[in-house]
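**Q** What shape does this take:
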Amino acid sequence: MTRIYLILLAVFSFFLTGYSQANEIVWPDGQKLAVSLSYDDGLDSQLDNAIPALDELGLKASFYILPNLSLYNRMEEWKNISRNGHELGNHSMYHPCRRSLPDRDWVPQHHDLDNYTPEQMIEELTTANIFLKALDGKTERTITLPCGDLLVGNEELYLKHIRENFIAYKGQGVESGFSVIWAPSNVAGDELIEFVKNVPAETSLINILFHGVGGDHLSVSTEAHNKLLNFLAENTETYYIDTFMNIMKYANTHAD
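**A** Numbering: from 1, shown residues only. As a prediction, the model looks like this:
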């Protein structure tokens, strides 16, 4: 199992500045752990496979979408997932990433974050928030940073310029203790379940970042995905499953 994202990515909440491992969260019904299921890039396979499985079990998740062909061709379906209690989150407009990092040849030169200025990234994320508001009418937003990258122009942290625009974000950084995160692909359902069951003892929040589900890119099979969902639905006394927005808002107001 590849867990590179567990090492490289951590969750930081603008609500939870200064959060330490000494803080403990009591989740809504006394659950041991919160689980945020999220889906990046706004893919057809998410509408076709992930949403029906989530809705059948009554689980809520976060979708970090892009203005792509899926949005263009199936906009009403994307609007409906928000109406049904799922979260639409910011994932930028053009998914800029740092091309200079390993295995980043796929990043177009004109979307190379190493060549961006902070002002360009601020403008792009602000535009994405405007686009999302047009879809769901909401003004509060969380963000999953494209590729987890924090630097623009290869040197400056851009998040300090946009804190007031987001409730919380997921991005590259040092493991926080409060949360762990994994972006799985091509893994079995049992591996997904074992990841959830074997997080460090101090963990309060598990983030699983899916991309394709039974199709598209960085995919997990529908069987593996559904096996995880069924496990979570059968163990709600242990796991609090909700949108990332709701989880982080709750954590802010219920930390001991």
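**Q** Got the confidence number for I7?
**A** In this model, I7 is scored at 33, pLDDT.
**Q** State the number of residues packed around H217.
**A** When neighbours are defined as other Cβ atoms under 10 Å, H217 has 11 of them. Glycine gets a C-beta too; all of them are placed from N, C-alpha and C.
**Q** List the contacts of it.
**A** By Cβ atoms under 8 Å, 6 or more residues apart in numbering, the contact set of H217 is 41, 43, 211.
**Q** how about the last one, what does it touch?
**A** It refers to H211. Going by Cβ under 8 Å, 6+ apart, H211 touches 39-41, 43, 183, 185, 217-219.
**Q** how far away is the closest residue to P184 other than its chain neighbours from L101?
**A** Nearest non-adjacent residue to P184, counting by Cβ to Cβ, 6 or more residues apart in numbering: V220, 5.8 Å away. According to Cβ to Cβ, to the nearest Å, V220 stands 24 Å off from L101.
**Q** When the two are compared, which one has more neighbours?
**A** Set side by side, V220 and L101 show more neighbours around V220, with 27 against 13, by other Cβ under 10 Å.
**Q** Please report how far the residue nearest to P184 lies from H111.
**A** Distance, V220 to H111, using Cβ to Cβ: 26 Å.
**Q** same question, L218
**A** Distance of L218 to H111, given as Cβ to Cβ: 18 Å.
**Q** coming back round to it: make a markdown table from the contacts of H211 and add secondary structure and distance to D29 to it.
**A** Below are those laid out as a markdown table (DSSP: H, G, I helix; E, B strand; the rest coil; distance: Cβ to Cβ, whole Å):
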| residue | secondary structure | distance to D29 |
| --- | --- | --- |
| Y39 | strand | 25 |
| D40 | strand | 29 |
| D41 | coil | 32 |
| L43 | coil | 32 |
| A183 | coil | 28 |
| S185 | coil | 32 |
| H217 | coil | 36 |
| L218 | coil | 33 |
| S219 | coil | 33 |
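**Q** Which SSE is immediately downstream of the host helix or strand of I122?
**A** Assigned by DSSP states H and E, I122 falls within helix 118-136. The C-terminal neighbour of helix 118-136 among helices and strands, as given by DSSP H and E, is strand 143-144.
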